[in-house]
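[1] model this:
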Amino acid sequence: MKKTFANITSFFNVVYFCIMLSIKSSKKYFIILVLLDMIVVISPFIILRLSAALIDLLVENIGNVSELGTVLQSFLLLSIFIFALSILNGSIVTIRTYFEGLQSETMNAKTTHLIMEKAAKLDLSYFDFNAFYNDIEDASMNSSLVTQSAFQTLGLIRAFIQFFISFILLFQFSFILPFILVISIIPGTIAQYKQLEAIYSFQRTHMSEERKMQYASNVLLSQEFAKDVRIYNLFSFISDKFLSTWKLLFSNKQRITLRYTRLLLALSTFPEIVSAVIVFLLGLAVIQGTSTMGDFTYFQGIMAQVLGGLQMVIMSYTQLMDGKARIQNYLKFLNFESRIRDDGIHTLIEPAFTIEFRNVSFRYDASLPWVLSNVSFTMHSSQKIALVGANGSGKSTIIKLLLRFYDPVKGQILMDGKDIREYTVESVRRRFSAVFQEYCNYAFTVKESVSLSDINNANSIEDLKMALEQSGADSFVKRFPDEENTYLTRRYDDSGQELSGGQWQKIAIARAFFRKADIYILDEPSASLDAQSEDEMFGMFEKLYAGKGAFLISHRLSNVHLCSSILVMEDGALIEAGIHKELMEAEGVYAHMYRLQAQKYDYVEAVD
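    Residues are numbered from 1 along each chain as shown. I've put the predicted structure just below:
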């Protein structure tokens with residue numbers, strides 16, 4: 001009983017959500033559609049009643065020549081009313097299709113935008129696990145189905161009103177037959193619902209395989225992989241991956257649908273048998289003289305309305321029940337809550353502040369090893385700090401914690417003596433600008449791609465040109481036909497420019513420099529740059545950002561020796577700290593790494 005009540009409650013919750021989504025997307029279109037639906041529902045009953053009266057008029061006046069004028073007048077009047085209502089009904093269906101299309105567009109945009117908004121606000125921690133990608137994929141796939149479910153909700157209400165009116169009207173002929181007619185449809189309804197439930201459960205269970213198919217498709221369709229696909233002749237390999245996964249999924253879906261289809265074929269005969277019995281009884285009543293031909297036509301039409309309305313109710317209900325799980329998963333995604341709580345009451349305003357990592361430890365999940373272990377250091381916002389160490393030593397994780405993409409599992413991060421969580425997230429992040437190791441390439445114009453770091457200042461051409469100059473990107477941007485208004489890549493514009501890896505990195509660096517920040521984070525900022533561009537970039541940075549702070553993560557130790565402090569990380573622990581001279585004299589890990597790199601350069605020079 002509790003399960004049944006829970007199912008009913010969840011169903012009505014879905015109906016409520018769909019109606020509210022329709023209203024929020026466009027209240028005007030929602031009201032228009034409801035009004036049109038009411039006319040579409042009621043007009044067939046009026047037409048049926050008028051048609052019955054018309055048939056009775058004709059039957060009663062067969063051969064009645066003496067009252068031909070009166071009969072003809074009544075006949076024409078009824079015919080005009082029926083014709084006008086039929087025209088009106090057809091016109092309303094066309095008009096409704098128009099407004100439904102408009103409402104569908106607004107709702108599709110609304111559902112997709114809600115997913116985009118939620119994804120943009122969620123913690124990075126969600127993106128660390130496969131299950132989340134299943135959830136976001138499911139929500140994205142179901143966003144259009146949410147719109148369909150909203151219209152199915154309106155269809156359910158419309159069909160229920162049609163069924164209810166016709167069911168009540170059929171009582172005029174028989175009290176028991178309407179109930180038998182309804183009962184005859186129930187077995188098929190249950191089987192159809194079970195089929196849809198089984199198919200969706202299968203799809204949900206095999207979401208990872210669906211994503212593998214999508215990935216294989218993207219590999220063959222995207223520019224990113226185009227060169228590898230051709231030089232290594234990868235089509236057959238990728239195609240086999242796609243088709244083998246599809247065949248496995250298809251055979252299982254086919255098995256599920258075939259089992260239920262056989263059952264539905266058997267159960268679909270029940271309503272037809274009951275309908276035939278009712279038609280026979282209607283004809284018998286006419287023969288016995290207890291009903292007229294008009295009544296026969298009228299009740300036959302009413303019976304068709306009962307069946308049509310009930311089948312529409314069942315179909316809409318079944319589709320909604322199928323959509324219920326999808327909508328619940330959509331709502332599940334929208335109800336995800338960030339673990340990073342933005343409930344700080346302080347605002348970090350002053351450009352000068354201190355940062356302290358106090359015994360900070362972090363891991364991405366309780367089941368995973370520690371990424372940082374008891375890390376402690378202090379810096380001022382005007383200092384330039386280098387983070388060095390092997391891959392996976394925890395350097396980038398320090399930056400992620402500082403930007404509050406994650407919170408420490410143990411220990412504290414303090415800013416001006418206050419826990420970083422006491423400040424608003426926006427006021428903390430506003431103090432920084434960053435070039436991440438996995439920097440993004442945006443298929444926008446140069447101006448848009450660079451100014452993304454400070455949208456409110458996007459119209460400052462002076463700041464844009466300065467950022468391009470500081471990063472070295474101006475050397476190629478000024479050769480573009482539309483300069484800073486040129487699109488990057490030809491994905492959306494045939495006149496767009498394709499960039500090399502080093503050029504893309506310069507655009508990313510320009511984006512970081514465009515933002516007026518207190519501390520700049522440069523995570524392997526020169527990985528794709530040639531030696532001259534790298535030297536020019538660091539020289540420009542040191543000159544233009546004197547007095548500003550920086551976190552520099554680099555494997556090229558020649559770039560870090562002038563930093564205020566060098567932090568050496570190993571296996572998540574801070575093992576050395578100091579300036580270049582101190583660390584070289586200590587003969588520790590840093591000195592070993594530095595000399596190792598220097599020897600390679602010396603060897604190359606000797607060979608040359």
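
[2] care to break the chain down by domain?
    Segmentation of the chain into domains, based on automatic domain parsing, reads 2-334, 349-431+520-543+551-608, 439-516.

[3] now do the residue in the chain sticking out farthest from the centre against F296, distance only.
    Counting by C-alpha atoms, centre = their mean, the extreme residue of the chain relative to its mean C-alpha position is S66, 73.7 Å from that point. Distance of S66 to F296, given as C-beta to C-beta, to the nearest Å: 27 Å. The way it works is simple: take the backbone N, C-alpha and C, and place the C-beta from them, glycine included.

[4] what does S125 give?
    Relative to F296, S125 is positioned 69 Å away (C-beta to C-beta).

[5] next one: I579
    With distances defined as C-beta to C-beta, the gap from I579 to F296 amounts to 103 Å.

[6] so the two - more neighbours on which side?
    F296 (19 against 14; other C-beta atoms under 10 Å).

[7] run a quick neighbour tally on R341.
    Applying the criterion other C-beta under 10 Å, we find 11 residues in the vicinity of R341.

[8] do I have it right that it meets D419?
    No - under the criterion of C-beta atoms under 8 Å, R341 lies out of contact with D419, with a separation of 11.9 Å.

[9] all the strands of this protein, in order from the start?
    When assigned using DSSP state E, the strands of the chain occupy the ranges 354-362, 372-380, 384-389, 410-415, 418-419, 432-435, 519-523, 549-553, 565-570, 573-578.

[10] need the residues that contact the fourth one.
    Applying C-beta atoms under 8 Å, 6 or more residues apart in numbering, the contact partners of strand 410-415 are 348, 353-362, 374-376, 401-402, 419-420, 423, 428.

[11] one more time with 6 Å, if that's ok
    Defining contact as C-beta atoms under 6 Å, 6 or more residues apart in numbering, one finds that strand 410-415 is touched by F353, I355, E356, F357, R358, N359, V360, S361, D419, I420.

[12] any chance of these in a markdown table, plus neighbour count and pLDDT?
    What follows is the contacts of strand 410-415, written out as a markdown table (neighbours: other C-beta atoms under 10 Å; pLDDT from 0 to 100):
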| residue | neighbour count | pLDDT |
| --- | --- | --- |
| F353 | 20 | 88 |
| I355 | 21 | 92 |
| E356 | 16 | 93 |
| F357 | 23 | 95 |
| R358 | 15 | 94 |
| N359 | 12 | 95 |
| V360 | 25 | 95 |
| S361 | 16 | 95 |
| D419 | 15 | 93 |
| I420 | 24 | 93 |
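
[13] quick one: mean pLDDT over the top helix by length along the chain.
    For the chain, the helix with the greatest residue count under DSSP state H is helix 68-121. The predicted model assigns helix 68-121 a mean pLDDT of 86.

[14] how far does that helix sit from the chain's center?
    Average the C-alpha atoms of helix 68-121, do the same for its chain, and the two points are 30 Å apart (C-alpha atoms, centre = their mean, to the nearest Å).

[15] right, and L334 touches E117 too?
    No - in terms of C-beta atoms under 6 Å, L334 does not count as a neighbour of E117; the distance is 8.9 Å.

[16] overlap in contacts, the two.
    The contact sets of L334 and E117 do not overlap (C-beta under 6 Å, 6+ apart).

[17] re the thing from before, quick check: the residue farthest from the centre of the chain vs I168, distance?
    Applying C-beta to C-beta, the value for S66 to I168 is 40 Å.

[18] same question, A276
    Distance of A276 to I168, given as C-beta to C-beta: 23 Å.

[19] what do you get for L124?
    As defined by C-beta to C-beta, L124 lies at a distance of 58 Å from I168.

[20] what's the answer for F5, then?
    Applying C-beta to C-beta, the value for F5 to I168 is 28 Å.

[21] so between those two, which is more surrounded?
    Per other C-beta under 10 Å, whichever of F5 and I168 has more neighbours is I168, with 12 against 9.

[22] list the contacts for that one?
    The contact partners of I168, taken as C-beta under 6 Å, 6+ apart, number zero.

[23] pLDDT value on it, please?
    The confidence metric pLDDT takes the value 88 at I168.

[24] and V40, by the same measure?
    Confidence per residue is given as pLDDT, and for V40 that number is 86.

[25] how much space between the closest residue to it other than its chain neighbours and D37?
    Sequence neighbours aside, I92 is the residue nearest to V40 in space, at 5.6 Å (criterion: C-beta to C-beta, 6 or more residues apart in numbering). Distance, I92 to D37, by C-beta to C-beta: 9 Å.

[26] same deal with C440?
    When C-beta to C-beta is the yardstick, C440 and D37 sit 46 Å from each other.

[27] looking at the two now, which is surrounded by more residues?
    More neighbours sit around D37 than around the other of C440 and D37, counting by other C-beta under 10 Å; the figures are 19 against 11.

[28] how close does that one get to T147?
    As for D37, its distance to T147 is 17 Å (criterion: C-beta to C-beta).

[29] ok, Q597 next?
    Using C-beta to C-beta, one gets 58 Å for the distance from Q597 to T147.

[30] buried set for stretch 419-439?
    Along stretch 419-439, the positions that meet the burial threshold by neighbour count (16 or more other C-beta atoms under 10 Å) are 420-421, 423-425, 428-436, 439.

[31] and of those, the nearest to S453?
    Of all these, the one sitting nearest S453 is S433; the distance, using C-beta to C-beta, is 5.8 Å.

[32] isn't that closest one right next to D518, touching?
    No - with contacts counted by C-beta under 6 Å, S433 stays clear of D518, the gap being 9.0 Å.

[33] picking that back up, and which of the buried residues of stretch 419-439 is nearest G389?
    F436 (17.1 Å).

[34] wait, the closest one touches D523, no?
    Yes - look at F436 against D523 with C-beta under 6 Å: they come within range, at 5.1 Å.

[35] quick one: the helices in the stretch 101-250 of the chain?
    In order along the chain, the stretch 101-250 of the chain carries the following helices (DSSP state H, counting those that start in this stretch): 130-170, 177-205, 207-221, 226-231, 235-267.

[36] got these as TSV, with distance to V560 columns?
    Formatted as TSV, the helices of the stretch 101-250 of the chain follow (distance: least, C-beta to C-beta, whole Å):
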stretch	distance to V560
helix 130-170	35
helix 177-205	49
helix 207-221	38
helix 226-231	34
helix 235-267	42
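
[37] buried deepest among the ones you listed, which one?
    helix 130-170 (a mean of 19; mean count of other C-beta atoms under 10 Å).

[38] show me the contacts for L282.
    F296, F299.

[39] give me that answer again for 8 Å
    With contact taken as C-beta under 8 Å, 6+ apart, L282 is in contact with F173, S291, D295, F296, F299, Q300.

[40] distance to G323 and pLDDT for these - can I get that in a markdown table?
    Rendered in a markdown table, the data for the contacts of L282 read as follows (distance: C-beta to C-beta, whole Å; pLDDT from 0 to 100):
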| residue | distance to G323 | pLDDT |
| --- | --- | --- |
| F173 | 36 | 79 |
| S291 | 43 | 78 |
| D295 | 40 | 80 |
| F296 | 40 | 81 |
| F299 | 35 | 80 |
| Q300 | 34 | 81 |
